[in-house]
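Trainee: how would this look folded up:
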Amino acid sequence: MLDGGLGTTLEALDADVSGPLWSARAVREAPATVRRAHEAFFEAGADVATAATYQTTDPGLIRAAVTLGRDARAGRAGLVAGSVGPYGAVRNDRSEYTGAYPMPKGGWKGFHAPRLDALREAGVDLLVIETFPRFDELRAVADLMTGTEMPALFSVTLRDAFHLPDGTLLATVARFLDAHPAVDALGINCVPATLVLPALATLRRHTAKPLAAYPKTAPPEALAWLEAGARIVGGCCGTTPSHIRAIRRLLDASPHVSAAS
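Mentor: Here you go, the predicted structure:
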């Protein structure tokens, strides 16, 4: 069980997440609030706290964000994930939802390698490479992970149920991630809930690896996601601890949970 929208929850707690750093701004200016947000998700039933690193490349902020997640986990059996957003997220122009951004100077690997190193050094339990709209960038990050022992979930956003925003077929992405040794799970995130079931069906046709689904809303359809093959569920933008609590109750009451464990 993943957590939900950290930025959404921080806003509800009156933290300022405006500007290019988004939720990482609160790491610098309101760290106690960030920890409180992580704690709220754990209390709601999440098994994973996703650190506020989606839009930052600053090693100091990355370390601080991971520390806040680890502090919030204290006394619990949960995990702390390092969030790795695409280059478009760092541009802060919403281009991560379209893929319409240029390759950075130094290439995809030159941009992402220091972030991945900083997250591993900060002590995350796993990496969540998420909301990727471009297949070329996703391939580069997967290759950077080759040979590491860090568990990794790779998740893409979608233009429709069958394509990434850059036009790549989801089936093509699924086949690539299925064959890649650095990928432990794959899925979709930050999409309308209506796209989840057809996307999961496509992914399941091309991989036996665990699937993840954490869309923009977290309705009662979460049980249907499980039946469709998802083994990692949660919420993305717009979801709060109350959404996660509702999903947790549904899953705990479902006979499918034992099969998912």
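Trainee: I figured Arg28 hits Val17, correct?
Mentor: No. Look at Arg28 against Val17 with Cβ atoms under 8 Å: they stay out of range, at 11.2 Å. Yep, even glycine has a C-beta here, placed from its N, CA and C like the rest.
Trainee: Mind checking which of these two has more residues around it?
Mentor: A count of neighbours by other Cβ atoms under 10 Å puts Val17 above the other of Arg28 and Val17, at 21 against 16.
Trainee: where's the closest residue to Gly19 other than its chain neighbours relative to Arg249, distance?
Mentor: In space, Gly19 comes closest to Arg25 once its chain neighbours are excluded; the distance is 5.7 Å by Cβ to Cβ, 6 or more residues apart in numbering. For Arg25, the distance to Arg249 equals 32 Å [Cβ to Cβ, to the nearest Å].
Trainee: Likewise for Glu121?
Mentor: On the measure of Cβ to Cβ, Glu121 and Arg249 end up 37 Å apart.
Trainee: Could you list the low-pLDDT ranges of this structure?
Mentor: 218-219, 255-261 (pLDDT under 70).
Trainee: Now do the strands in it.
Mentor: For the chain, the strands defined by DSSP state E cover 48-50, 79-84, 126-132, 152-156, 185-189, 211-214, 230-233.
Trainee: Neighbouring strands of the fifth one in the sheet, and parallel or not?
Mentor: Meaning strand 185-189. strand 152-156 (parallel), strand 211-214 (parallel) (DSSP bridges).
Trainee: Deepest-packed of those, please.
Mentor: Of all the strands paired with strand 185-189, strand 211-214 carries the top mean neighbour count, a mean of 28, counting by mean count of other Cβ atoms under 10 Å.
Trainee: Provide a list of residues in contact with Arg115.
Mentor: Thr53, Thr57, Ile62, Val84 (Cβ atoms under 8 Å, 6 or more residues apart in numbering).
Trainee: Against Val27, how distant is the second one?
Mentor: Using Cβ to Cβ, one gets 13 Å for the distance from Thr57 to Val27.
Trainee: since we're on Thr202, how many residues are nearby?
Mentor: Quick note: Thr202 (other Cβ under 10 Å) scores 19 neighbours.
Trainee: now do Asp16
Mentor: If we define neighbours as other Cβ under 10 Å, then Asp16 has 12 of them.
Trainee: my guess is it contacts Arg25, does it?
Mentor: Yes. Asp16 lies in contact with Arg25 (Cβ under 8 Å); the separation is 6.3 Å.
Trainee: In a markdown table: the strands paired with strand 185-189, plus distance to Leu170.
Mentor: A markdown table is the format used below for the strands paired with strand 185-189 (distance: least, Cβ to Cβ, whole Å):
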| stretch | distance to Leu170 |
| --- | --- |
| strand 152-156 | 7 |
| strand 211-214 | 12 |
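Trainee: How many residues are close by Ala224?
Mentor: 16.
Trainee: what's it in contact with, if anything?
Mentor: Taking Cβ under 8 Å, 6+ apart, one finds Leu197 in contact with Ala224.
Trainee: Let the chain start at 16 from now.
Mentor: Done: numbering now begins at 16, and the last item shifts to Ala239.
Trainee: roughly how far apart are it and Ala261?
Mentor: 14 Å.
Trainee: what do you get for Phe126?
Mentor: In terms of Cβ to Cβ, Phe126 sits 37 Å off from Ala261.
Trainee: same thing with Gly182?
Mentor: 35 Å.
Trainee: More neighbours: these two, which one.
Mentor: Neighbour count, other Cβ under 10 Å: between Gly182 and Ala261, Ala261 has more, with 19 against 11.
Trainee: That one and Glu58, how far apart?
Mentor: 14 Å.
Trainee: Check Val156 too.
Mentor: Taking Cβ to Cβ, one finds Val156 at 32 Å from Glu58.
Trainee: More neighbours: which of these two?
Mentor: Val156 (23 against 13).
Trainee: wouldn't that one be in contact with Trp123 here?
Mentor: Yes. With contact defined as Cβ under 8 Å, Val156 reaches Trp123; the gap is 7.1 Å.
Trainee: now Met165: how far from Val206?
Mentor: With Cβ to Cβ as the criterion, Met165 and Val206 are 25 Å apart.
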